[in-house]
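> after the sequence you'll find the predicted model.
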Amino acid sequence: MAYTTIKKPSDYFNTVTWTGNATDDRSITGVGFKPDWVWYKERSNVGDHTVHDIVRGAGERLFPNDPSAESLDANSLQAFESDGFQIGTNADVNGNGETYVGWNWLADNTSGSSNTDGSITSTVSANTTSGFSIVSYTGTGANATVGHGLGSAPKMVIIKNRTTAAQNWQCYHSALGGTQGIELNNNGVAFTDSTRFNNTDPTSSVFSIGTATDVNASSASIIAYCFAEKKGFSKIGSYVGNGNADGTFVYTGFKPAFVLIKRSDSGTNSWLLFDNKRVGYNPDNNYLFPNLSNVESTGDLIDIVSNGFKSISTGSGVNSSGATYIYMAFAEEPLVGDNPATAR
């Protein structure tokens, strides 16, 4: 019996790398599907993290490391294609000789459909198999619920106010619960605030929002990226560091292709993002900081193994003794089944 209904995780999530050449209308291929959400970052130079999605439209940009409102750039990501995406000459995506990485998720390959499950009607592009949806809605300024289309409760929701200037990226994470929030574009810890998620965890049909302008400013256009955990494909949880170079092991049930980590209890530690394509061999798992425009870092912080990941550093970003960390991971290969994971 297969371990998961997703026999090939790369049909739903995949990472690609490329070197810029500053030419227009360039196709980046090798994704393996037509992506609906693309998050990319220049590796070799300072540059913003940038996200595009099919619901907002290809040219519309948001920056995970920056609270700026949405902007349109015809020279960035120009189109979603059958095996990847088309890019222009913007230096954040295609500077001559610079190196880049792009993380790609599949929703339903449409610009979304109306969802009336919540008190706010949303537009949703959802993939219930992989547990990912893109949700667009208009804020009301009052406590509300929003339909997410996943059929199971999301364990992480990333929300951005698209139209109001200087609004932070707000994250719900199941390990923190609906009473707390944490910001993707900052290095701060989790905070208690009922105005973000109205002290309420998501259900199988809706997530809750409070009155904060970041998530629910009246008449503002808001986008949310929702992730439900799927056995053998995604894992969203927390762990406690042990402060030892032989660090904490986190079992995911698959070999990760993508790992996002944030210390949530104290300190000023950046988010850390690892994947299986940027070097991708233990112990040289290069990382980027989603809340910073910094170049790629090459320090050895985690090993990615056949059934999870393991801290190999005493650094406070991944493994301080007694510290709490939240994470989200996606699979390269399931642990068992038709395409079993192997050691690295």
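Okay, I see it.
> wasn't residue 92 part of a helix?
Yes. Judged by DSSP: H, G, I helix; E, B strand; the rest coil, residue 92 forms part of a helix.
> tell me, how many residues neighbour it?
Residue 92 has 25 neighbours, counted by other Cβ atoms under 10 Å. (C-beta placed from N, C-alpha, C; glycine too.)
> quick one: the strands in the stretch 51-200 of the chain, in order.
Using DSSP state E, counting those that start in this stretch, the strands of the stretch 51-200 of the chain run over 60-61, 71-72, 77-81, 84-87, 99-105, 113-115, 122-127, 132-138, 144-147, 156-161, 170-173, 180-183, 191-192.
> tell me which residues are up against the fourth one.
Residues outside strand 84-87 that contact it (Cβ atoms under 8 Å, 6 or more residues apart in numbering) are 16, 25-31, 35, 38, 52, 58, 76-79, 93-94, 102, 104.
> do the same with the first one
For strand 60-61, the external contacting residues (Cβ under 8 Å, 6+ apart) are 50-53, 70-73, 76-77, 162.
> just the helices in the stretch 201-344 of the chain please.
Ranges of helices within the stretch 201-344 of the chain are 213-216, based on DSSP state H, counting those that start in this stretch.
> where are the low-confidence patches of it?
280, 335-344 (pLDDT under 70).
> the nearest residue in space to residue 53 that is not next to it in sequence and residue 126, how far apart?
Excluding the flanking residues, the one nearest residue 53 by Cβ to Cβ, 6 or more residues apart in numbering is residue 37, at 4.6 Å. Distance, residue 37 to residue 126, by Cβ to Cβ, to the nearest Å: 12 Å.
> can you check residue 23 too?
Relative to residue 126, and taking Cβ to Cβ, residue 23 is found at 35 Å.
> more neighbours, those two?
Set side by side, residue 23 and residue 126 show more neighbours around residue 126, with 25 against 11, by other Cβ under 10 Å.
> mind listing the residues bridging to that one?
When bridges are called by DSSP bridges, residue 126 pairs up with residue 133.
> need the pLDDT of it.
If you check residue 126, the pLDDT there is 98.
> that one contacts residue 106, correct?
No. Applying Cβ atoms under 8 Å, one finds residue 126 not in contact with residue 106, separated by 10.6 Å.
> mind listing the shared neighbours of these two?
In contact with both residue 126 and residue 106: residue 132, using Cβ under 8 Å, 6+ apart.
> ok, residue 160 - contacts?
Residue 160 touches 62, 167, 169-170, 214, 222-224, counting by Cβ under 8 Å, 6+ apart.
> any idea which of the residues you listed is closest to residue 206?
Of all those, residue 224 has the smallest distance to residue 206: 11.2 Å, by Cβ to Cβ.
> I'd like the distance from stretch 201-214 to the chain centre, please.
Taking the mean of its C-alpha atoms, stretch 201-214 sits 18 Å from the chain's own mean (Cα atoms, centre = their mean, to the nearest Å).
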